[in-house]
Each structure stands twice: as structure tokens, then as C-alpha cells.
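1. sequence below, structure please.
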Amino acid sequence: MSNDAATAANATSTRITTQTGTDPTAEGPDTEPPALGLGISLPPADARAKTEGTFPYAADLWAEGLLWAAVLRSPHPHARILSIDTSAAVEMTGVQAVITHEDIPGETTYGRRVVDRPVFASDLVRHHGEPIAAVAADHPDTARLAAAAIAVEYEVLEPVTDPEKAFAAEPLHPDGNLIRHIPLQYGDPEATGEVVVEGLYRIGRQDPAPIGAEAGLAVPRPDGGVEIYTASTDPHTDRDLAAACFGLEPDRVKVVVTGVPGATGDREEPGFQLPLGLLALRTGCPVKLAATREESFLGHSHRHPTLLRYRHHADAEGRLVKVEAQILLDAGAYADSSSESLAAAVAFACGPYVVPHAFIEGWAVRTNNPPSGHVRGEGAMQVCAAYEGQMDKLAAKLGIDPAELRLRNALSTGDILPTGQTVTCPAPVAELLESVREFPLPALPKDSPEDDWLLPGGPEGAGEPGAVRRGVGYALGMVHMLGAEGADEVSTATVRVHDGIATVICAAVETGQGFSTLARQVVQETLGIEEVHVASVDTDQPPAGPATHGRHTWVSAGAVERAAKMVRTQLLQPLAHKFGMSTELLQIADGKITSYDGVLSTTVTEAMDGKELWATAQCRPHPTEPLDESGQGDAFVGLAFCAIRAVVDVDIELGSVRVVEMAIAQDVGRVLNPSQLATRIEAGITQGIGAALTENLRSARGLIRHPDLTGYALPTALDAPEIRIVKLVEERDVVAPFGAKPASAVPVVTSPAAVAAAVRSATGRPINRLPIRPQAAVAASNS
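-> Numbering: from 1, shown residues only. Just a heads-up that it's a prediction; the model follows:
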């Protein structure tokens, strides 16, 4: 660490600890038996602490003189604010500060991607749960009571909740209701097929539902700045937003990343962080906020609800001729990642299939519904459910096996996407599908009382074994890697070696995707050093970007590899010079340095001879470009694919569904950590099953109904099926560091479509809505 960084790290006068007395950001060394390098199942360094429940998260933070924050949120989805009276809250015993929009010294709006969202609503409320004011008090209950005591006079307005009506509605925002429109045009608009199928599909609002709700701690600094301790997945962007809001220079705001309790979307929403910092600066005291689950549901972004209309044209042999589609994303009140989500939805609207002609029109619009934003597989998941539904319809109409129809149209390397971009990365789509197709099907359940738990609905279900039908369905999915449309995906990392210990300094946040473990493996393989630490993340380090789209596996781990190779060169050059050979003739393995001819043999520790070596490097993929006015352009760095076969049992009288097995074959490029990879795939499939069957954050006229984990049904261990990883295709992407591809997003994208296809197979019903309602799964003959 530089002297400047060390000084900044010690600038806070208040000592930050957790309730267990441990450092909330430090990660310990690898304590497992020696096993070095890529390709092994190195466990996470924090695995034991997380298993035992001693790993510190933001909600565990504590500081001397701590105050508690609470936020007043709007009970209306659309209203004009006539007045805000904070006097009753200010006069309450224990209350130290009450702030509204009038107390913001800097920018009053924010946004990680589009700056259009107010920190506190001032004149209009645009969604249920929008922040109005915040309170700091000496006890969390006092803070909540004070927030409730703030009197807000509203003029309730008619909410716009139907995205189709948003086009003609009065503007909900100064920027208008239309966020983006993409009219993709590829091929001949007059082309037609001998067979045509149409479909209308609706995808619900899935919540990222992190294991731990949002929490954070803001601590004022002696220099008039502030430090924010939170589970951010994009700390430098959050630092810049906070500095703009607080009216401070960025170097006077520091974001320190604490343990992240799960992240399948953005964390933490700046709307939770900004009031904390404002209150800390106002009071001069540390201020903590630990959101309830209801506040979490109201405050963060969700997956875009989507309406999709499709028309597929094919010839008599089932080969696709043309795809026409209209895609409408409900962005909620603010833009957030809607533009990026729409680009993915439009670009992948035809799926991993060869389509000579495509005409896709997509819109993202504002409504008064809950805000939508980045959730793993955004855009791609919604269209996958629709285009795979179309493929099933087409197969049924032509009398072709659904898997065979997909094989006839499968995309491969060298083919062209509807955006005009040539697929240059490995695209083993047909191989993936053939693998799951040939995998043995699970045995049928026995019709006996002791196996009642196998039935849909479980042991307490009311169904009869005779009403259960088994269905088998297939789906192919695709996602893009890294950012798109010209996003700068650079990351920076430093590797430092001293006394036989290596330290990685990189602002890539460990969100559960395994970056910290991968970074250790990269250094172990490159330098042969067993003990590798990964430093905690804060904004004193150079930026590494957000933890999305597998970017840390690619650019951040790539930066670590480059820095480690530079250190390797520093280590080997003196030896090579001494023995009169090139460094390329020396190799490092298992902590030893040897030459090709055996003349040189020494340990890494001996070669270091007490020296400290370090290097800093960057990794940046090749540039991309925005889609043009016709939806054309090389918008993506790379692509990843998978095939899933779902097997379900459906009670055709009750409509209850049990997922029996999910068999997956995935395009992974290279397996870097087998255990970690399997975990990511299994987690992605389980999240997808939730989107298929249970997860839907329902709202009525813009009001979220049951914003808790009782009303919002997450899949549990009892809902998780047997997950069979049939094949991992290791065809390395030559432009990617290590040749690896992201692992968890594409199973999320593909598994809902596979489950829907299996329920279609079992019931004969069209299944055009996710999550699947019980009434939709009742067989046609019983409805």
C-alpha cells in the first residue's frame, strides 16, 4: 500500500468493528492443504467463516457514537407532494437530524447509468416506496417512529401501470416516458415461410431477493469527508454519485466494500447509501441503516416485466425463414439499466438460431410501477422464454420433435446474428443440445404411499398419483459477456510479493461469483506461491468496474494475470541472466523454479532473497460499438450458450408442478475451478426455476403487494430438483484471458424456458406466462 493510501485508510477517527470484533473487510490466507493453480477446486478463503456464521457483513458493523437511520417512503405510486412537515419528528427525544430534498448540498438526482432519479422526492412521487425524507436517531425504533411522524400532504394522481398505455400518457418524468426504442431490421421484410406461428408472452417481475437485505454505515471524517461501508458491487461509481450528491470532491468520499451477502443484481442501491452519508455529514456522527425486508423490496430494482409478441416463419422442413417480434419492457419509474436490457432483448430475440430475416422492435418505457434494473440475465431471459415457446409451437405444427427442430436451426461459429455481428467465439450450440438429449431420463415415480413426497405439492398435497403427468422440455439460451455497445470494460490490478506471501490488490468485488478464489489461483499458478491474500476493496484502489456479465472473470482476473506475469519476469530475469538463458526457458511449478535442462533448480523463496516485487497491470477487451438506428452493430465482446432439458411432473387437475430434473450442457470455455463452476451453474438454474414457477413481485395499481418473503415465494431446498451437469464444453475463447466464459447468467436465462417447455409437454397447454400459474398448468382436457 502506498503512503497516501495508508494515510487515507487511517483518516477516520472512529474505529469500525463488527459485533464479533472482527475486521469487516479482510480476507484471510488460504488455510487448505497445498493445491496450486487453475483447474483445481480451491475452496474460498472465507468458506469456514461463512459456514460458521462468523463472517461479517454490513449489517454487523458497529462504531462508537452510532446513530440509526430510517427512511420515510411514499405510500403512493403516483402523487404530487403539496407539503412536508418535519417538526414533529425533529422534536422527538433522541432524534439528531431530519433531512429532505432541501438539505442536499449537491446534485439532487442520481443514477448509475442514467442520472434521472431523485435522492428524495421533492414535487412528484413516481413509485410506491420512493424516499421522501430520512431521520437519524439514537435508537432504530426511535428513528422509525420519527420517520413515521413526518407529515406529508399528497395530491394522489392516477398511476400509469400499463406499459402499453405509457406511450399516450402524460409524461411521468421530464425526460418523457420513452427511454429507448430499437427497430432492428435484418434481411428482407417481404420474406415469408410456408408455416407461421404466433404467440403473446408475459414475463413477471422477479426480485433479486439477496440473502441479506441492504445495510450500510457512514462515518464522517476529520477532513469534512465521509466514508461509507456497504456491500456495493460497483464502489467507484457509487463513490462518484455520493460525492456529487454531497457536494464534495471524489477524493473526500471513500466507499469501503464489506462482505456481500449475495448479489444477483446491483448492490447496494445508491438510494440506501446517499441518505446515510448526508445524515453522517449533518450530525458529525456515524450513522447506520439496516433495511427491513419490506424496505429492501420497495427500494431496489427488479427484473423488467416484459410483454412480447412473436411471429415465426419456417419452411416445410422446419428451418427458420423469418422472425418478427415486438418487445415492451416496463422500466418502472426510472431508466436505470433499461437501455442495456432492451439492447440484449432485441439482439437475442431470435435465440441461438440461424435466422436469415429478422424484424424486431423493442421499447423500454417509464410507468409508475416499481423500478426495474439489472438482474442477472436481464433482457435475455425474457426473450428466451418467448422464442423457445415459439419453437415448441412450430415443432407441434410441423409434427417434428422439439429437440430435432432446434438442432436444424442451431447457431454455430461463423454465423451472423440479426444485429449483423459475426459469431467469432466458440458456439457449440448443437453439441450442447445433443448432449442433454442423449442423457438418460430419470425413472418414473412409483405409485405407492411411501413415495407421496415425490408428487407435485409434496406430502401434504391434495393430488392423486393418477392425475400426475410427466413432461420433458428443451431450451437453448445465450447471453453476452461483459458490457455492450461501447462500454469501456477496463480493470486494474496489483500483485505484490514479499516474504513468500503474495497480495492481490484489485477493486473487483467478491459477490459470490468466486473472483477472490480465482485471483488466488491465478497468482498461485503464475508465481508458484501457495499463500495468497486478496486485499479488501475500497475506492482508494483503481477502479475495476461493476460485478456484472462475468466481467471480473475476464477483465479483473486478466489484470491479475498480467500483473503476476510482470512479477514473474522480475523474479526470473536475474536467474536467467546469471545462467545465460532466456526467462522463457524457466518454469515455476509447486513453488520451485527449474530450467528446461535441469541445470537450475531453486525455490521461489530462495530466488526472492528477501526482496519485495510488485507490478500493476490493466486488462481491457476489444472495443464494441452501439447498435445503430436499424439495430445493427458489433455490440458484444463475446457470447456464452447452454442447453437444458427439464423433466417435470404436473398434477393436471390441480396445476401443481414439481421439477424432477434439470440436465444442462454448457459452453464454459475453460473450467478454472470445478467445484465453484458447478455451484454457479446450480445456483443459476435454481434462480431460473424460481422465475418459472414461484417468483413474481405482484403489484396492484402500482402498489407492491406483500413485500416480504411470505408473499414473495422463493424456491427452497425442497423445490430444488436433481441438477445434472451433463457436459461442459471447454473450447477456449481465444480473446478471453484463460479462455473462460461466464458461468451463472446463461443457466438463469435458459432454465425458465426449459421448465415451461416441459409443462407444455405434460399438459398440452401453451404456457405463455412466467411464472406459470396453476390454472395454466391444468391439462387441456380438464380445463
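
2. neighbours of A576, how many?
-> A576 has 18 neighbouring residues, counting by other C-beta atoms under 10 Å. (Glycine included, C-beta is placed from N, CA and C.)

3. then H173?
-> 15.

4. over to S556?
-> Per other C-beta under 10 Å, the neighbour tally for S556 reads 28.

5. ok, and the closest non-adjacent residue to it?
-> A508 (3.7 Å; C-beta to C-beta, 6 or more residues apart in numbering).

6. relative to A589, how far out is D336?
-> The gap separating D336 from A589 is 47 Å, by C-beta to C-beta, to the nearest Å.

7. of the two, which one has the most company?
-> Counting neighbours by other C-beta under 10 Å for D336 and for A589 shows that D336 has the greater number, 26 against 11.

8. for the more buried one, give its distance to E378.
-> For D336, the distance to E378 - C-beta to C-beta - is 10 Å.

9. can I see the domain layout of the protein?
-> As given by automatic domain parsing, the domain ranges for the chain are 59-157+214-290, 306-484+626-777, 490-619.

10. and the end-to-end length of the second one?
-> Right, the one you point to is domain 306-484+626-777. Its first and final residues considered, domain 306-484+626-777 spans 21 Å by C-alpha to C-alpha, to the nearest Å.

11. let's see stretch 326-341 as PDB, backbone CA atoms only.
-> Output of stretch 326-341 as PDB, limited to C-alpha atoms (Å, rounded to 0.1, in the frame of the first residue of the first chain):
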ATOM      1  CA  GLN A 326     -42.400  -6.700 -30.600                       C
ATOM      2  CA  ILE A 327     -40.800  -6.400 -27.100                       C
ATOM      3  CA  LEU A 328     -42.000  -4.000 -24.400                       C
ATOM      4  CA  LEU A 329     -40.000  -3.600 -21.200                       C
ATOM      5  CA  ASP A 330     -41.600  -2.000 -18.200                       C
ATOM      6  CA  ALA A 331     -38.800   0.100 -16.700                       C
ATOM      7  CA  GLY A 332     -40.900   1.400 -13.800                       C
ATOM      8  CA  ALA A 333     -40.300   5.000 -12.700                       C
ATOM      9  CA  TYR A 334     -36.700   5.400 -13.800                       C
ATOM     10  CA  ALA A 335     -34.300   4.400 -16.500                       C
ATOM     11  CA  ASP A 336     -31.600   2.600 -14.600                       C
ATOM     12  CA  SER A 337     -30.300  -0.300 -16.900                       C
ATOM     13  CA  SER A 338     -33.300  -0.400 -19.200                       C
ATOM     14  CA  SER A 339     -31.400   0.700 -22.300                       C
ATOM     15  CA  GLU A 340     -28.900  -2.100 -21.800                       C
ATOM     16  CA  SER A 341     -31.600  -4.600 -21.000                       C
END
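
12. list the buried residues in it.
-> For stretch 326-341, burial by neighbour count (16 or more other C-beta atoms under 10 Å) applies to 326-341.

13. go through the strand or helix carrying L571 and flag the buried ones.
-> Element membership of L571 [criterion: DSSP states H and E] is helix 557-579. Within helix 557-579, the residues scored as buried using 16+ other C-beta under 10 Å are 557-568, 571-572, 575-576.

14. rewinding a little: is it true that the residue nearest to S556 touches P543?
-> No. If you go by C-beta atoms under 8 Å, A508 and P543 don't touch, sitting 9.7 Å apart.

15. mutual contacts of the two, please.
-> Residues touching both A508 and P543 by C-beta atoms under 8 Å, 6 or more residues apart in numbering: S491.

16. look at those two and report which has more neighbours.
-> A508 (32 against 17).

17. how close does the more buried one get to A45?
-> 15 Å.

18. over to S301?
-> Per C-beta to C-beta, S301 is found 31 Å from A45.

19. do P766 as well
-> 49 Å.

20. have a look at these two and say which one is more surrounded.
-> A direct count of neighbours by other C-beta under 10 Å for P766 and A45 places A45 higher, at 20 against 17.

21. quick one: that one is in a helix?
-> No. Using DSSP: H, G, I helix; E, B strand; the rest coil, the assignment for A45 is coil, not a helix.

22. surely it meets S516?
-> Yes. A45 lies in contact with S516 (C-beta under 8 Å); the separation is 6.7 Å.

23. so E404, which of the three states?
-> Using three-state DSSP, the structure places E404 in helix.

24. contacts only, for it.
-> G318, A395.

25. one more: T424?
-> Contacts for T424 (C-beta under 8 Å, 6+ apart) come out as T413, G414, V735.

26. go on, T100?
-> The contact partners of T100, by C-beta under 8 Å, 6+ apart, come to I84, T86, F120, S122, I132, A133.

27. show the pLDDT at it.
-> Per-residue pLDDT puts T100 at 97.

28. swap in the one 3 residues further on?
-> According to the predicted model, the pLDDT of D103 comes to 96.

29. which phi and psi values does it adopt?
-> Reported as degrees, to the nearest 10, the phi and psi values for D103 are phi -100, psi 10.

30. in this structure it contacts L279, no?
-> No. Applying C-beta under 8 Å, one finds D103 not in contact with L279, separated by 9.5 Å.

31. which of the two has more neighbours?
-> Neighbours per residue (other C-beta under 10 Å) separate D103 from L279, with L279 holding more: 31 against 17.

32. for the more buried one, what are phi and psi?
-> phi -70, psi -40.

33. then the one 5 residues further on?
-> Main-chain torsions, G284, degrees, to the nearest 10: phi 70, psi 10.

34. going forward, the N-terminal residue is numbered 585.
-> Sure, I'll start numbering at 585, so the last one becomes G868.

35. tell me the pLDDT at it?
-> pLDDT for G868: 96.

36. how many residues are close by the spatially closest residue to I1085 that is not a sequence neighbour?
-> Among residues not flanking I1085 along the chain, E1115 sits closest, at 4.9 Å (C-beta to C-beta, 6+ apart). E1115: 16 surrounding residues under other C-beta under 10 Å.

37. how close does A1091 get to I787?
-> Taken as C-beta to C-beta, the spacing of A1091 relative to I787 amounts to 34 Å.

38. cool, and P640?
-> Per C-beta to C-beta, P640 is found 37 Å from I787.
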